[in-house]
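# Model the structure of this input:
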Amino acid sequence: MVKRCCTFHVILLSMIKIHTHLFICCLISFLLPVSVSFAVRTYDVSYFWATKQQTAKVYASKVKQVLGPSVAKQIKVVQNQKGLYGVIYDRDGSYEAIRRLAGHHAKLLHQTGITKQEGNAAAYPIPDRNYRSMPSRRRFKPHRSDPTLDSNLEANIDQYIKGLRRKGRLENTDRTSFVVYDVTQQKKVVSINEDRTMMAASLIKNFIMLAYFHEVKHERLQHTSRNRSQLRQMIQKSANTSTNYFIRLLGGPRSVDRILKRNYPYFKQTRIVEYIPNGGRTYRNTTSAHELNKFYNQLWLGNLPYSNKMKYYLGLPNGDRIHDKTCIPSNVHVYHKTGTVYGLVADSGILAITDSQGKQRVYIFTGLIEDQTKTNHRNRSQAFSVWVQHRSDTLRRVSEAVYEYIYEVHYGGHYYCRRHKGQHLKH
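Reported below is the predicted structural model:
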């Protein structure tokens, strides 16, 4: 009996020690910070991996441009234990949140042509690890540090515009924006005030056409014979009544704008807020040279819905300011849309040229000249036709210089314009 009692006491003491130990462990766990007591796995977004650091850096710069400045701050080029260089978004989120974010980013990167991959192949969650970040060089203004920009042409255009202002051919209130992009080489050549938001005038018709074909693609609208006729009128003839027809068909300005924002979020400066008023005095819809350039680049690459159909309408013959009445060869084909209102003269489009070896080369030219003071009739000292003509001629001279540069510098040809004795950007 005594022996059994001793055994019972030994067991009881052992149990008390075990429970005391567990209590102390739980107390310590409770008092320690979460990061010490247990590890919660977080995730980042992975986009791209390569064996060369420079390849990853180039891809990272493209990703930053598409995803915007707020995301760009956390886009990093890192190196893993196997020596590969990767492009990641250092987000540190839950798996489900990162999975949704990666899917959204994959869609944007595919739509903008940065990658041909879709879904998980373009962006996917990876566990957060202590990657070694690659040091980044200090960056300055693009025209000084970006080797992809042909600053000689950009500087010549800039000096030409300043000279026109000095001579009074352009007013000090005229704001200009130019982009030149070699689609064949996927290389930006000129960037002057390209992110400046400007009134769109009839340039907005490109985006209305995009919204229409987006709905056709998803079978919410049909590409009927009537719609084909109205589309031809809107793009080739720039008919405002046809433009309003499509805005109404799509549910109004807000609905058109919503279609673009939800499905093509890289068009951030393009806003559709009004129908074209009677008389064509539309000032509230906006866009930028940068986003017009994106539109045409994605169009040519076939990344927009029914790209070939849109190219057909944009390629129909009409008056333009980048090829007509210039000394650019007649065999150059143009896909474009002009914009004109007392306050804006613009043209933007694709030029398909033939190089000295007989190969097709493609580049985009966008030029906008805006004077917001002219939206008030009190500030109009010239007839509308005269005001438009002076600025149209400016765009044509710049377009000639761009063609010469692309043809000669990029593709090794020789070009001479007799009309201007080879001097396009002279005052």
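# Confirm that residue 382 sits in a strand.
No - Residue 382 is assigned coil when assessed by DSSP: H, G, I helix; E, B strand; the rest coil, not a strand.
# In stretch 172-179, which residues are buried?
174, 176, 177, 178, 179 (16 or more other CB atoms under 10 Å). (Glycine included, C-beta is placed from N, CA and C.)
# export it as PDB, just CAs?
Extracted C-alpha coordinates of stretch 172-179, given in PDB (Å, rounded to 0.1, in the frame of the first residue of the first chain):
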ATOM      1  CA  ASN A 172       4.000  81.400 -76.400                       C
ATOM      2  CA  THR A 173       0.700  79.800 -75.400                       C
ATOM      3  CA  ASP A 174       1.200  77.000 -77.900                       C
ATOM      4  CA  ARG A 175       2.200  73.800 -76.000                       C
ATOM      5  CA  THR A 176       3.700  71.000 -78.100                       C
ATOM      6  CA  SER A 177       4.100  67.200 -77.600                       C
ATOM      7  CA  PHE A 178       5.900  64.800 -79.800                       C
ATOM      8  CA  VAL A 179       6.600  61.100 -79.800                       C
END
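# Show residues contacting it.
With CB atoms under 8 Å, 6 or more residues apart in numbering as the test, stretch 172-179 has contacts from 157, 161, 165, 170, 188, 190-194, 196, 198, 288-290, 292-293, 364-374, 391, 398.
# In helices, which of those appear?
157, 161, 165, 289, 290, 292, 293, 391, 398 (DSSP state H).
# May I ask which of the residues you listed has the most neighbours?
residue 292 (32 neighbours; other CB atoms under 10 Å).
# Of the buried residues of stretch 172-179, just say which sits nearest to residue 59.
Comparing those against residue 59 with CB to CB places residue 179 closest, at 22.1 Å.
# what's near enough to touch residue 317?
Counted by CB under 8 Å, 6+ apart, residue 317 has contacts residue 236.
# picking up where we left off before, okay, the ones in helices among the contacts of stretch 172-179 in TSV with distance to residue 385 and pLDDT next?
Formatted as TSV, the ones in helices among the contacts of stretch 172-179 follow (distance: CB to CB, whole Å; pLDDT from 0 to 100):
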residue	distance to residue 385	pLDDT
157	25	95
161	22	96
165	22	95
289	25	98
290	30	97
292	25	98
293	29	97
391	11	98
398	21	97
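# so residue 368 makes contact with residue 338?
No - the pair residue 368 and residue 338 does not pass the contact test of CB atoms under 8 Å, sitting 10.6 Å apart.
# any common contacting residues for these two?
Shared contacts of residue 368 and residue 338, defined by CB under 8 Å, 6+ apart, comprise residue 346.
# Those two: which is more packed in?
residue 368 (29 against 21).
# quick one: that one and residue 293, what's the gap?
Here residue 368 is placed at a distance of 11 Å from residue 293 (CB to CB, to the nearest Å).
# With residue 231 instead?
Applying CB to CB, one obtains 23 Å for the distance of residue 231 from residue 293.
# what does residue 119 give?
Per CB to CB, residue 119 is found 27 Å from residue 293.
# where does the stretch 101-250 of the chain have low pLDDT?
Scanning the stretch 101-250 of the chain for pLDDT under 70 picks out the ranges 130-151.
# What of the stretch 251-400 of the chain?
Within the stretch 251-400 of the chain, no stretch has pLDDT under 70.
# Now do the strands in it.
Along the stretch 251-400 of the chain, counting by DSSP state E, counting those that start in this stretch, strands occupy 286-287, 333-341, 344-354, 360-370.
# Now do stretch 106-121: distance to the chain's middle.
14 Å (CA atoms, centre = their mean, to the nearest Å).
# and if you look at stretch 49-56?
With CA atoms, centre = their mean, you get 24 Å for stretch 49-56.
# Any buried residues in it, and which?
49, 50, 56.
# again, but for stretch 265-282
Neighbour-count burial for stretch 265-282 [16+ other CB under 10 Å]: 266, 267, 269, 270, 271, 272, 276, 282.
# Would you reformat the residues you listed as TSV and include distance to residue 213?
TSV is the format used below for those (distance: CB to CB, whole Å):
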residue	distance to residue 213
266	17
267	14
269	21
270	16
271	19
272	15
276	20
282	22
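# so of the residues you listed, which ones are in helices?
Using DSSP H, no member of the buried residues of stretch 265-282 sits in helices.
# Just flag the most distant two among those.
Checking the buried residues of stretch 265-282 with CB to CB, the most distant pair is 266 and 276, at 24.8 Å.
# rewinding a little: now for residue 368 and residue 293: what residues contact both?
residue 348.
# wait, which of the buried residues of stretch 265-282 is closest to residue 409?
Here the nearest of those to residue 409, counting by CB to CB, is residue 266; it sits at 28.9 Å.
# what residues are up against that closest one?
Applying CB under 8 Å, 6+ apart, we find residue 266 in contact with 66, 108, 111, 112, 291, 294.
# Residue 67 now?
Going by CB under 8 Å, 6+ apart, the list of residues near residue 67 reads 75, 89, 105, 108.
# Could I get the pLDDT score of it?
We have a pLDDT of 82 for residue 67.
# got it, and residue 37?
Listed pLDDT for residue 37 reads 38.
# quick one: the helices in the protein?
Using DSSP H, helices in the chain cover 2-31, 34-37, 53-67, 69-72, 95-111, 142-145, 151-166, 205-217, 225-236, 240-249, 253-263, 289-301, 307-314, 384-405.
# can you put those helices in a markdown table and add distance to residue 320?
Listed next are these as a markdown table, based on distance: least, CB to CB, whole Å:
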| stretch | distance to residue 320 |
| --- | --- |
| helix 2-31 | 73 |
| helix 34-37 | 62 |
| helix 53-67 | 28 |
| helix 69-72 | 34 |
| helix 95-111 | 27 |
| helix 142-145 | 27 |
| helix 151-166 | 19 |
| helix 205-217 | 14 |
| helix 225-236 | 11 |
| helix 240-249 | 18 |
| helix 253-263 | 24 |
| helix 289-301 | 13 |
| helix 307-314 | 10 |
| helix 384-405 | 9 |
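# Endpoint to endpoint, stretch 183-200 covers what distance?
23 Å (CA to CA, to the nearest Å).
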